[in-house]
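Trainee: coords please:
(3 chains)
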Amino acid sequence: MRMTLGSDAFEDQLLADLNEPQRQAVTHFEGPALILAGPGSGKTRVITRRIAWLIAQGVKPWHILAITFTNKAAGEMRARVEAIAPQKGAIISTFHSFGVRFMRQYAARLGFEPTFTIYDQTDRGRMTKIALEDAKVDSNRFSPEAISGAISRAKNQLLSPDRYAAEARDFFSRAVAEVYPRYEKRMRDAGALDFDDLLYWPALALRNDPTLRTEADERWRFVLVDEYQDTNTAQYAIARNLCQDYPNLLVVGDPDQSIYKFRGSDIRNILDFERDYPGAKVLHLSDNYRSSRHILRAADALIANNQQRKPKKLTPREREGRPVEVVTHDDQGREADAIARLVKEEVQSGRRSFRDFAVLLRMNALTRAFEQAFIRQKVPFQIVKGLAFFDRKENKDVLAYLRLLVNIRDDVSFLRVVNEPPRGIGATTLERLQEYANSRETTLLSAAAQAEFIPDVTARAAQSLSAFARLIGELQDLASGPPHEAIKKVLEKTRYRESLKTKDVMADDDRIANIEELVTAARQFSEANPDLGVAGFLENITLAGDIDSYDAKEESVTMMTLHAAKGLEFPVVFLPAMEQGILPHERSLNNPSDVEEERRLCFVGITRAMEELHLSCARMREFRGRTIYTVQSMFLSELPSDVKRSERGVSEMGSPPEAAWLDGDVPIVRREPARSAPTATAYSSSGTSPAPYEPGEVVQHDTYGLGQVLEVSGHGATRKIRIRFITQGLRTFLVDKVVLKKVARDR
DNA sequence: GGGTGCCGCTTTTTT
DNA sequence: AGCGGCACCC
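Mentor: Residues are numbered from 1 along each chain as shown, chains lettered A, B, ... in the order given. A predicted model of the protein is given here:
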C-alpha cells in the first residue's frame, strides 16, 4: 500500500477534472513512464498535478526534480504546484539551471571554482577565437562560429576532446580537434562554463563518478522531464543516470513537436524510450482541449506527410469553429497590413482584445513589415525576442565589469572592458599582454598588474594597465554586495557615463537611459532575491531566454518565432510568410529529414491556435535588399480541402491607399515597402546637403519607426532634430548623422 | 602605437 | 545595431 498523507478528499480534488489517461499519468507512482502528449492535451496540468500528488503520497518535495524547457515555464509551474501542494521545495527548473545548481554543488569535486562565470554565445565565440590562435589555426579558413558550433555539437554528444580527435577525419574536423582542447583549457583557466558545459560536465560526472552518481540519484528520486522530444544526448545521460537506483523517470513529450535538432536534440530519445527503459508504462494523451476541429484537421493533415513518424491522430474536444484561412497577398507590406487591419477591426468591434492575437514567424528578420504595419495602424504589439536590452553594448560593458569583479580570471570580460572607456590600451599592447600572460600561465588581470615588466609595452600603456588592475582590485569587494550598488560604483569609478557623453555629442541619451534602466533592473532583482547577489544577477541574465520576456497579460499582439511559441496558445494565430525557402527554410530543402523538422515547426505553429488560424503568403518579398517572386510553401498544399483559400490584391490594384493617422492629424501613405520606397526620399550624412526637415513632417527611422518632427535647432554639424516616435517616444538626433526617410503625404 | 570614422556584413531556429 | 577590417590622422 502506498503511504497516505493527504486526505482522500484532497486527492479527489487533484484528479477530479482529469480524463482517464491524464489520471493514470498523475497517479503513476514508481518506475519509468512515457507520456505521449499531443498539443493541447493538458500535459502541463498533468505534470503539476502529479508533483502535488506525489507530495500528497508522502514523497518529500526535495526528492522531486521536474525539468521544463524554459525558465518561464519553470516559474509558472512552480507557482501552480505551490498553490496546490501540501509542501514546497520541489526543484522545478530547466536542464541548464539544474546544471548550474549541480555544478555549484559539486564544483570542488569536479575541479571547478564555485564562482564560475557562464559564457553566452558571444563570449563563447571570443574564447574560440583565442583558442584558434592558440592552435595556430587560420581563422580565415575556418570561422570561429563554425568551429565553436562544432565544439558545441561535440559536447552535446558528450564527446571529449580526445574522443573527438580520434574520430576526426576530414580537414574541418581536424581543425576542430586542434581547437577543442585548447578552448576547454582556456575556459577552465578563465573559470568559465558555456551553455553546453552546464550539461556536459554534469552528464560526464554522473556517468563516470559512481559515488557522485549514487548520491545524486538518491537525492532526486522522482524525475520528470517535459518536452522530452527535444532533449540531447547530454540531457538524456543526465536523466538516465539520475534514475538508476530510483528508476522513477517520467517523461512527457510529443515526437511531432521536436524542433530543436539544430541544437543537438535527438528525437530518438523519445522514440526509443520503451527500449531504453523496459517495462515503462506508456500513456497517450490525445484528446485536444485547445483547438477547433477545423484547426486540428489542418494539423493532422499536415503532419501526416512526415514519413519518419508513428501515425497518430488528435481527438478534438472543441467545437467545429471557423474554417482555416489561407490568403495570398501581393507583397509583404499588404500581408502585414491586412493582418494589422483584421486585428484592429476585431478589437474595435469588441469581439477580441489585442492579447488574443499572435503572429508566429520562422525568422526574427520577418518582424519588420509587421512592426511597421502595426505602428501605422496603431495596434499595440510586443516582440518576444532575446532580451535585446541586456545585449546593448553599454549594458554588456557594465555587466562585463561585474563579471570581472566576481571572477577575476574571466579573461573574455577583461578584454571587453580593459579599454572601455578608452584608456590608451590598444591592440598591440593587448597582444603583448596576452603573450606575457600565456608564457606565465596567468590571468590577463594579474599580468596587467605587473605590466611594467612586460617587454615592448610602452611605459604609458603599462601605467594604464596597472591602473586598471588596481581599479578592479579596489572594486572587488562590491561583488559581495547588492548588484545595483556594484553597478553604480563601477559607473562612478570608471567614469563610464562621462565617456559616453564626450564620445558622441547627442543621441547617447539613449545609452545613458539604458544604463539607468540596468541599475533599476538590478535593484528590482536584488529586492526580489536579496540573497542572490551580483553573481546571481549575472547568472539570471545569462540564462534568461526569449520567452522569459513574454508578458501574456499585456494588452498587445504578440510577435515571436515559431520556436519561441512552443507550449503557448492563443485564440487567434497568424502564420504569415508561408513560402518556400522561409517555411520550409531554404537551408532544409536538400535534406528530407530537415524538411520534416520544418513541417513539425509548422505543426507547432498551427496547434498554437485555439479558435482561428490564418495562414498567408506574399507573391513578392523583399529579401536582403532584393525583391523576389516567391513560391508558396509546400505545406499549404498539404492542408485539407476544407481550408478557405483566397487571393487579395490583384483585383484591388489601382484602388487608392487607405490613410492611417498619427497624433497630429497627419495623413500618411498607408503602405510603402520596407526600404527605398518610391514615395520616400532617403537622406544621409554624406553627399548632398540634406533638405531641411520641417516641424510636423512625418519621417521614418530605421530603428524607431514612424515619427513626427517636433523641431529643428542649431547650426551646421551640431544641428539637432527632435522627433516624437509613435512607439518610442521623444528622441533627438544630429541632423547630419541621422538617416531619415521622409514619408510622403497623401494629398 | 592608439584613436577615429567609414564600409559592408550580418540573419534560421536558442538554452 | 554591432562589429571586424581598413585607411588615415595624431
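Trainee: skipping adjacent residues, who's closest to A:Arg423 in space?
Mentor: For A:Arg423, the nearest residue in space outside its immediate sequence neighbours is A:Ser464; the separation is 4.6 Å by Cβ to Cβ, 6 or more residues apart in numbering. From N, CA and C alone the C-beta is placed, and that goes for glycine too.
Trainee: ok, now which ones touch that neighbour?
Mentor: With contact set as Cβ atoms under 8 Å, 6 or more residues apart in numbering, A:Ser464 has these partners: A:423-425.
Trainee: which of those lies closest to DNA strand C?
Mentor: The shortest approach to DNA strand C among the contacts of A:Ser464 belongs to A:Gly424, at 11.2 Å (Cβ to the nearest atom of the strand).
Trainee: returning to what we had before: work out for me the element the residue nearest to A:Arg423 sits within.
Mentor: helix A:459-475 (DSSP states H and E).
Trainee: sort out which residues of that helix are buried, please.
Mentor: The neighbour-count criterion (16 or more other Cβ atoms under 10 Å) identifies A:461-462, A:464-465, A:468-469, A:472, A:475 as the buried residues of helix A:459-475.
Trainee: what do you get for stretch A:393-404?
Mentor: Going through stretch A:393-404 with 16+ other Cβ under 10 Å, the ones that come out buried are A:394-404.
Trainee: near DNA strand C too, which of those residues?
Mentor: With Cβ under 7 Å from any atom of the strand as the criterion, the members of these in contact with DNA strand C are A:Lys396.
Trainee: show me what contacts the residue in the stretch 351-500 of chain A positioned nearest to DNA strand C?
Mentor: When you check the stretch 351-500 of chain A against DNA strand C by Cβ to the nearest atom of the strand, the closest residue turns out to be A:Lys393, at 4.1 Å. Residues in contact with A:Lys393 (Cβ under 8 Å, 6+ apart) are A:Arg511.
Trainee: look up how far A:Leu518 lies from it.
Mentor: Remark: distance between A:Lys393 and A:Leu518 (Cβ to Cβ, to the nearest Å) = 12 Å.
Trainee: swap in A:Pro576?
Mentor: Taking Cβ to Cβ as the measure, A:Pro576 falls 34 Å from A:Leu518.
Trainee: cool, and A:Glu697?
Mentor: A:Glu697 sits at a distance of 34 Å from A:Leu518 (criterion: Cβ to Cβ).
Trainee: between the two, who's got more neighbours?
Mentor: Summary of the neighbour comparison: A:Glu697 and A:Leu518, criterion other Cβ atoms under 10 Å, with A:Leu518 having more neighbours (22 against 19).
Trainee: that one contacts A:Asn395, correct?
Mentor: Yes - applying Cβ atoms under 8 Å, one finds A:Leu518 in contact with A:Asn395, separated by 5.1 Å.
Trainee: need the overlap of contacts for those two.
Mentor: Here A:Leu518 and A:Asn395 have A:Phe389 as joint contacts, going by Cβ under 8 Å, 6+ apart.
Trainee: which stretches of the stretch 1-150 of chain A have low pLDDT?
Mentor: Judged by pLDDT under 70, the stretch 1-150 of chain A has its weakly predicted residues at A:1-7.
Trainee: going along the chain, name the helices of it.
Mentor: A:8-15, A:20-27, A:43-56, A:71-84, A:95-110, A:121-134, A:144-156 (DSSP state H, counting those that start in this stretch).
Trainee: part of a helix, is A:Met560?
Mentor: No - under DSSP: H, G, I helix; E, B strand; the rest coil, A:Met560 falls outside any helix and is assigned strand.
Trainee: partner residues bridging it?
Mentor: On the basis of DSSP bridges, A:Met560 takes part in beta bridges with A:Leu360.
Trainee: next, count neighbours for A:Met363.
Mentor: Every residue meeting other Cβ under 10 Å relative to A:Met363 is counted, giving 12.
Trainee: roughly how far does it sit from DNA strand B?
Mentor: 4 Å (Cβ to the nearest atom of the strand, to the nearest Å).
Trainee: over to A:Ala522?
Mentor: Taken as Cβ to the nearest atom of the strand, the span from A:Ala522 to DNA strand B is 21 Å.
Trainee: what strand or helix carries the closest residue to A:Pro576 other than its chain neighbours?
Mentor: With Cβ to Cβ, 6+ apart as the measure, A:Ser616 is the residue that lies nearest to A:Pro576, at 4.9 Å, once sequence neighbours are left out. Taking DSSP H and E as the definition, A:Ser616 sits inside strand A:609-623.
Trainee: following that strand, which helix or strand shows up next?
Mentor: That would be, after strand A:609-623 and using DSSP H and E, strand A:626-629.
Trainee: identify each buried residue in the helix or strand following that next one, please.
Mentor: Past strand A:626-629, heading to the C-terminal end, the next element that is a helix or strand (DSSP H and E) is strand A:644-647. By neighbour count with 16+ other Cβ under 10 Å, strand A:644-647 contains no buried residues.
Trainee: hmm, who's touching strand A:644-647?
Mentor: Taking Cβ under 8 Å, 6+ apart as the criterion, the residues outside strand A:644-647 that touch it are A:323-328.
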